[in-house]
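In: this one's sequence-less:
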């Protein structure tokens with residue numbers, strides 16, 4: 001969503017709902033997985049969804065990371081009601 005503000009003759013478009021992005025290092029620290037593993041998962045087209053910004057910058061949307069983590073948790077639940 002954007003919001004316009006008028007400052008004299010200049011109109012500035014403000015971004016009001018910015019998606020949070022994390023670097024490989026931040027994701028590595030958050031989920032306690034080595035950065036090399038994240039790079040390998042990316043190479044194998046598995047793991048959390050990621051995007052490349054520019055020639056070398058890999059980022060992960062926080063919302064997509066949380067979705068992936070929830071799916072991993074749902075797929076690994078064992079036991080429960082006796």
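Out: Nice, I can see it. These numbers were taken from a predicted model, which means no experiment stands behind them.

In: quick one, longest helix in the protein?
Out: When the chain is parsed with DSSP state H, its longest helix is helix 62-76.

In: who touches that helix?
Out: 19-22, 27, 30-31, 47-49 (CB atoms under 8 Å, 6 or more residues apart in numbering). To be clear about C-beta, it is placed using only N, CA and C from the backbone, and glycine gets the same treatment.

In: for ChimeraX, what selects the buried ones among these?
Out: A single ChimeraX command is used to select the members of the contacts of helix 62-76 judged buried by 16 or more other CB atoms under 10 Å:
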select :21,22,27,47,48
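
In: of the contacts of helix 62-76, which belong to helices?
Out: 27, 30-31.

In: and these as CSV, adding pLDDT and distance to residue 59?
Out: CSV is the format used below for those (pLDDT from 0 to 100; distance: CB to CB, whole Å):
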residue, pLDDT, distance to residue 59
27, 97, 9
30, 96, 13
31, 96, 15
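
In: closest one of these to residue 42?
Out: Taking CB to CB as the measure, residue 42 lies nearest residue 27 of those, at 10.6 Å.

In: would you mind measuring from residue 22 to residue 75?
Out: Look at residue 22 and residue 75: by CB to CB, to the nearest Å, they are 22 Å apart.

In: swap that for residue 65, please
Out: Taken as CB to CB, the span from residue 65 to residue 75 is 16 Å.

In: ok, those two, which is more surrounded?
Out: residue 65 (21 against 7; other CB atoms under 10 Å).
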